[in-house]
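Visitor: Below: sequence and its predicted model.
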Number of protein chains: 2
Amino acid sequence: MISKAKIRYIRSLELKKHRMAEQLFVAEGPKVVEELLRVLPPKLLLATDSWTPIKTAFDADEVISVTNEELCKVSFLRTPQQVLGVFPMFNTGKVSISENITSELSLALDGVQDPGNLGTIIRIADWFGIRHIFCSPDTADVYNPKVVQATMGSLARVNVVYMGLETLLNELPQKFPVYGTLLDGESIYCQELSAVGIIVMGNEGNGISAPIRQKITRRLLVPNFPEDKPSAESLNVAVATAVVCAEFRRQQL
Amino acid sequence: MISKAKIRYIRSLELKKHRMAEQLFVAEGPKVVEELLRVLPPKLLLATDSWTPIKTAFDADEVISVTNEELCKVSFLRTPQQVLGVFPMFNTGKVSISENITSELSLALDGVQDPGNLGTIIRIADWFGIRHIFCSPDTADVYNPKVVQATMGSLARVNVVYMGLETLLNELPQKFPVYGTLLDGESIYCQELSAVGIIVMGNEGNGISAPIRQKITRRLLVPNFPEDKPSAESLNVAVATAVVCAEFRRQQL
């Protein structure tokens, strides 16, 4: 049994200002919740009888048994899925640039707006072993429920940091490779892609912003096929991220 | 000025049964509408003053000037975009298997449910020069407004056919390569991918269905990185489609 006040409280976390004030976010469904439970004790867990929890022990401040009807009242999903968790924000935004990124491949997102795209990119980073994603302040909020759901739990394994990308790029060592996908880039198949570097992906409509574009030292293009045929003008940003990351990793095999 | 009856009529096309009865579908926004106008005369076009039509001449049975407020009443989008077109369905579902697909690379979708994924896959096919997508009857409807929007206009250049995939695969010549992504597949980077064949992609949750799985002759896997590290369990189906198609095309360069 869940109180009306608690329902209102959880639903308020759909809005960023309430999430920020409480430093909490919502995740739903066995897949996403269970991945988060591995790394993060939830503040509150609502579960129907149909949820069979994973064997991993977890500490929750509070677990409430709910009916499916009650879960529907709280859920942000059209079809609620057995379990809903309220978790503390854990991407603290602290990362040592010198220690953490100068020896590996990372991603930077310059104004990716669509929550589904951001969530999908986090899942892609996880798949391709990319541990850090730097997001410009105007990128979608990682704790937006639509982002959380689209990560399919990968949020638990990828570090997402919000900061000005100019600041970030200025702090990198000289000659550190800064990759970016640009319409006038060179095919990813015709250049050597390094094991260490940062890949900048831009906004859905406008691409990489002018000040950041100036900092790109390695211009990338995913070629269409055949090149002389009229085709889509561009790939979706998450799709382009995947094709680019896959090629970086292929070249390291 | 648009009548209430016409608003109701257009809005009814959000449902598949009405689309099927009328053989019409809705597309919105300059990008998507203008791509369709290149190949398809619309039945009806609603446009605000801010829409600057492309120079290509087009025939429309009816063009109505609307205010932004009127467009909001009709639109399926949260933020309507200048123009909305009602178009006749044009993917007639007729394709000669022997002529059309045995000399090129095609896609088959086995129960892809999410409209955003289907739309994104159509855009990917367009980018990588794949002309035909075969969809099992339980795949999302290509004329669903969310699919149409996610194609970003690529719908105009890709042929989408609904048919039983068993029937399709049974009609293919002996030894015609049938590729499919499977959890126990072999890395796409460790095998030769042919310029001719069909690639089957499965449902978001369950992958390729058992009867179709039996017909796969070439099992594919997009490897994660590094392979011994815990990572996402899988890639989103549209993302996996893109990585696979990119690798097919790279090997043909």
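Guide: Perfect, thanks for sending it.

Visitor: Look at stretch A:164-182 and report the distance between its end residues.
Guide: 20 Å (C-alpha to C-alpha, to the nearest Å).

Visitor: Repeat that for stretch A:121-133.
Guide: One end of stretch A:121-133 sits 9 Å from the other (C-alpha to C-alpha).

Visitor: do stretch A:204-218 as well
Guide: Terminal residues of stretch A:204-218 are spaced 20 Å apart (C-alpha to C-alpha).

Visitor: Break chain A down into its domains, please.
Guide: Following the TED database, chain A resolves into domains at A:4-88, A:99-251.

Visitor: How about the last one and chain B, any contact?
Guide: Read that as domain A:99-251. Yes - contact of domain A:99-251 with chain B (C-beta under 8 Å from any C-beta of the partner chain) involves A:116, A:120, A:123-124, A:126-129, A:152-154, A:157, A:189, A:222-226, A:229-236, A:238-239, A:242-243, A:246-247, A:249-250. C-beta here means a position set from N, CA and C on the backbone, and glycine is covered the same way.

Visitor: Now intersect the residues you listed with the strands, please.
Guide: Among the residues of domain A:99-251 next to chain B, DSSP state E puts none in strands.

Visitor: Narrow those residues to those that are buried.
Guide: A:116, A:120, A:123-124, A:126-129, A:152-154, A:157, A:189, A:222-225, A:231-232, A:234-236, A:238-239, A:242-243, A:246-247, A:249-250 (16 or more other C-beta atoms under 10 Å in any protein chain shown).

Visitor: who does the helix ranked longest in chain A touch, helix- and strand-wise?
Guide: Counting residues, the longest helix found in chain A (DSSP state H) is helix A:237-251. For helix A:237-251, the elements it packs on are strand A:105-110, helix A:115-127, strand A:178-187, strand A:197-202, helix B:115-127, helix B:237-251, judged by 3 or more C-beta pairs under 8 Å, 6 or more residues apart in numbering or on different chains; DSSP states H and E.

Visitor: after the fifth one, next one along is what?
Guide: Following the chain from helix B:115-127 toward its C-terminal end, the next helix or strand by DSSP states H and E is strand B:132-135.

Visitor: Mind listing residues that contact that next one?
Guide: For strand B:132-135, the external contacting residues (C-beta atoms under 8 Å, 6 or more residues apart in numbering or on different chains) are B:95, B:100-101, B:104, B:106-109, B:112, B:118, B:121-122, B:125, B:142, B:158-163, B:165, B:168, B:198.

Visitor: Just the buried residues of those residues.
Guide: Using 16+ other C-beta under 10 Å, the buried ones in the contacts of strand B:132-135 are B:95, B:101, B:106-109, B:112, B:118, B:121-122, B:125, B:142, B:158-163, B:165, B:168, B:198.

Visitor: Please name the residues that touch the residue sitting furthest away from the middle of chain A.
Guide: The outermost residue of chain A, judged against the average C-alpha position, is residue A:228 (34.5 Å), by C-alpha atoms, centre = their mean. Contact criterion C-beta under 8 Å, 6+ apart gives no residues in contact with residue A:228.

Visitor: Same question for residue A:119.
Guide: A:146-152, A:155.

Visitor: And for residue A:52?
Guide: Listed by C-beta under 8 Å, 6+ apart, the contact set of residue A:52 is empty.

Visitor: if we can go back for a sec, reformat the domains of chain A as a markdown table; add distance to residue B:34 and mean pLDDT.
Guide: Formatted as a markdown table, these follow (distance: least, C-beta to C-beta, whole Å; pLDDT from 0 to 100):
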| stretch | distance to residue B:34 | mean pLDDT |
| --- | --- | --- |
| domain A:4-88 | 32 | 90 |
| domain A:99-251 | 11 | 94 |
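
Visitor: and among the ones you listed, the most buried is which?
Guide: Mean neighbour count, computed with mean count of other C-beta atoms under 10 Å in any protein chain shown, is highest for domain A:99-251 among the domains of chain A, reaching a mean of 19.

Visitor: what distance separates that one from the centre of its chain?
Guide: Relative to its parent chain, domain A:99-251 has a centroid offset of 11 Å by C-alpha atoms, centre = their mean, to the nearest Å.

Visitor: quick one on the thing from earlier: of the contacts of residue A:119, which is the nearest to chain B?
Guide: Checking the contacts of residue A:119 against chain B with C-beta to the nearest C-beta, the nearest one is residue A:152 at 6.6 Å.

Visitor: Please name the nearest non-neighbouring residue to that closest one.
Guide: Nearest non-adjacent residue to residue A:152, counting by C-beta to C-beta, 6 or more residues apart in numbering or on different chains: residue A:123, 5.5 Å away.

Visitor: I'd like to know how far that neighbour sits from residue A:253.
Guide: Counting by C-beta to C-beta, to the nearest Å, the gap from residue A:123 to residue A:253 is 21 Å.

Visitor: Same question for residue A:80.
Guide: According to C-beta to C-beta, residue A:80 and residue A:253 sit 42 Å apart.

Visitor: Go ahead and confirm residue A:176 touches residue A:103.
Guide: No - at 10.6 Å, residue A:176 does not count as touching residue A:103 under the criterion of C-beta atoms under 8 Å.

Visitor: so what's residue A:39 closest to, chain neighbours aside?
Guide: Nearest non-adjacent residue to residue A:39, counting by C-beta to C-beta, 6+ apart: residue A:156, 4.7 Å away.

Visitor: and the gap between the one you found and residue A:132?
Guide: Distance from residue A:156 to residue A:132, counting by C-beta to C-beta: 14 Å.

Visitor: mind checking the backbone torsions on residue A:159?
Guide: When read as degrees, to the nearest 10, the backbone of residue A:159 gives phi -90, psi 120.

Visitor: Check the one 3 residues further on too.
Guide: Dihedral pair for residue A:162: phi -100, psi 130, per degrees, to the nearest 10.

Visitor: Please list all residues in contact with residue A:63.
Guide: A:44-47.
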